[in-house]
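Asker: Compute the structure for the input listed below.
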Amino acid sequence: MPEPRSKKQPKAGRSAKSAPAGTRTKKYLSPQMDLSGIQAGFTRADLEFEGLDHAGASFEARVFFNNPEASEATEKTLAQGYAGSFYLFGHGGCFGDFGHCEVHGLPRPYDPRPSNPLLPIKKTLIATEAVRRALAQSPNLRVTVIPVITGMTEKCELADVLKFERLSIVTYQ
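Answerer: From the prediction side, this is the model:
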């Protein structure tokens, strides 16, 4: 008699796992940004990441201001320039046939079908205190983002997991 099967068994090749020890992911270091146009007295400051690719691994993005030497081991404190983290739940790579995961443009207006789930996304990190601290120290800012992989499959590229189109700082008066 065959053994009873569990109702929830992972499909082959789809189990999520953490990155192997010693995996080096590429960090992002922004060009120097001029903050002299930001008026003091803002009530909130956001760091916006637009066009984030979320087709690969899941990760925590640790954001540091004016600390280009930051790494996974850097303490998450204001003194180290820590601005906060955001988390990205990745799709784990493409498991379909060739071309299956390609995104073919934006949906047309009034199209009732759901958009492609792999369209790039936007993440907002509320970083009010870190922006205030950075402004008090210098009118120039460099943003360092350290991706720390939290889940992956064998289909994921690990070296260049953080991909986005635009980074901006938005303040509210």
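
Asker: Now do the buried residues in stretch 150-169.
Answerer: Counting neighbours by 16 or more other CB atoms under 10 Å, one finds that the buried residues in stretch 150-169 are 150-153, 155-156, 158, 161-164, 167, 169. Just so you know, the C-beta spots here come from the backbone N, C-alpha and C atoms, and that holds for glycine as well.

Asker: which one of those residues is nearest L135?
Answerer: Of all the buried residues of stretch 150-169, L135 sits closest to I169, with 10.2 Å by CB to CB.

Asker: any idea which element that closest one lies in?
Answerer: Counting by DSSP states H and E, the element that carries I169 is strand 166-172.

Asker: Which secondary structure elements does that strand sit against?
Answerer: Taking 3 or more CB pairs under 8 Å, 6 or more residues apart in numbering; DSSP states H and E as contact, the helices and strands that strand 166-172 lies on are strand 44-52.

Asker: one more time with 10 Å, if that's ok
Answerer: strand 33-34, strand 44-52, helix 128-137, strand 143-151 (3 or more CB pairs under 10 Å, 6 or more residues apart in numbering; DSSP states H and E).

Asker: so which of these gets nearest A73?
Answerer: With respect to A73, and counting by CB to CB, the nearest of these is strand 143-151 at 9.5 Å.

Asker: Neighbouring strands - and their directions - for that closest one?
Answerer: Partners of strand 143-151 in the sheet, by DSSP bridges, are strand 28-29 (antiparallel), strand 58-65 (antiparallel).

Asker: quick one, what contacts S71?
Answerer: With contact taken as CB atoms under 10 Å, 6 or more residues apart in numbering, S71 is in contact with K27, R62, F64, T144, I146, V148.

Asker: Check for me that it belongs to a strand.
Answerer: No - residue state for S71 (DSSP: H, G, I helix; E, B strand; the rest coil) corresponds to coil; a strand is not indicated.

Asker: Just give the number of residues close to N140.
Answerer: The number of residues packed around N140, counting by other CB atoms under 10 Å, is 13.

Asker: ok, what's across the strand from the spatially closest residue to R132 that is not a sequence neighbour?
Answerer: Take R132 and drop its neighbours on the chain: the residue closest to it by CB to CB, 6 or more residues apart in numbering is A45, 7.3 Å away. Beta-bridge partners recorded for A45 (DSSP bridges): T171.

Asker: A45 - how many residues pack around it?
Answerer: The criterion is other CB under 10 Å. On that basis, A45 has 22 neighbouring residues.
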